[in-house]
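K.L.:
Here's a sequence, model it:
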Amino acid sequence: MPSDAKILIVDDHEDTLYALESALAPLGYRLARATSGDEALKQVLRGQVGLLLLDVRMPGVSGLDVVRYMRRLEQTQHIPVVLLTGFGADHELTSTAFGLGVADLVMKPIDPWALRTKVRYLFDAHRRHLALEHEVRELRALVKGHGESDQENAARRPLPHPDARVPVQRGQGAHTGELEQDRT
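P.N.:
Predicted coordinates for the structure are as follows:
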């Protein structure tokens, strides 16, 4: 994830967006906003979203619909999502949300301290995860590159003479294979 990754805050109420932005501003991360599920999906698909704070109930495309779509795409399936709800968490919502792999389900009104702690942890963990994935890809390419060059070099190298690989065995008798004693 590039260093310019952002946290996307999605809610259909302007006052909630403002409150969430105010709560997260002290962290110093880039923040972006969306007021609908459609707008959120467009921003997520453009890339550089490292965390999504997403209202569950919005007109049109709901927060759960956004998560369902994101989890089907390789490029977005690992972005952490915190779902926000002002209607209370019922058993069905909770099981659906966590079944989709959301990181947390938070009730409104939101405690700013708790939200900052969760966001800092999730955003930083996601960045570390992506940095490790990038490092693994680089190492695999490096190993693959060395493997190919070793094979190419081996194909060009002349084969050694067969006798060059047989170690000289000092002290063996010609026919018996027994060790000779040093009589000096």
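K.L.:
Let me see the ranges of the strands in this structure.
P.N.:
Assigned strands in the chain, in chain order: 6-10, 30-34, 49-55, 81-85, 104-107 (criterion: DSSP state E).
K.L.:
And those: which comes nearest residue 139?
P.N.:
The minimum distance between residue 139 and those falls on strand 49-55, with 23.0 Å, by CB to CB. Any C-beta I mention is one placed from the backbone N, CA and C, and that applies to glycine too.
K.L.:
what comes into contact with the closest one?
P.N.:
With contact meaning CB atoms under 8 Å, 6 or more residues apart in numbering, strand 49-55 is reached by 1, 5-13, 16, 20, 32, 40, 43-44, 63, 66-67, 70, 79-85, 119, 122-123, 126-127.
K.L.:
One more pass at 7 Å, please.
P.N.:
For strand 49-55, contacts defined as CB atoms under 7 Å, 6 or more residues apart in numbering pick out 1, 5-12, 20, 40, 43-44, 63, 66, 79-84, 119, 122-123, 126-127.
K.L.:
that older thread, how about the strands of the chain, which one is nearest residue 144?
P.N.:
When the strands of the chain are compared by CB to CB, strand 49-55 sits nearest residue 144, at 28.8 Å.
K.L.:
How far off centre is the closest one?
P.N.:
With CA atoms, centre = their mean, to the nearest Å as the basis, strand 49-55 stands 15 Å off its chain's centre.
K.L.:
Name the helix or strand of this structure that has the lowest mean pLDDT.
P.N.:
Lowest mean confidence among the helices and strands of the chain (mean pLDDT, DSSP states H and E): helix 112-156, at a mean of 83.
K.L.:
quick check, distance from it to the centre of its chain.
P.N.:
Once both centres are worked out by CA atoms, centre = their mean, helix 112-156 turns out to sit 9 Å from its chain's centre.
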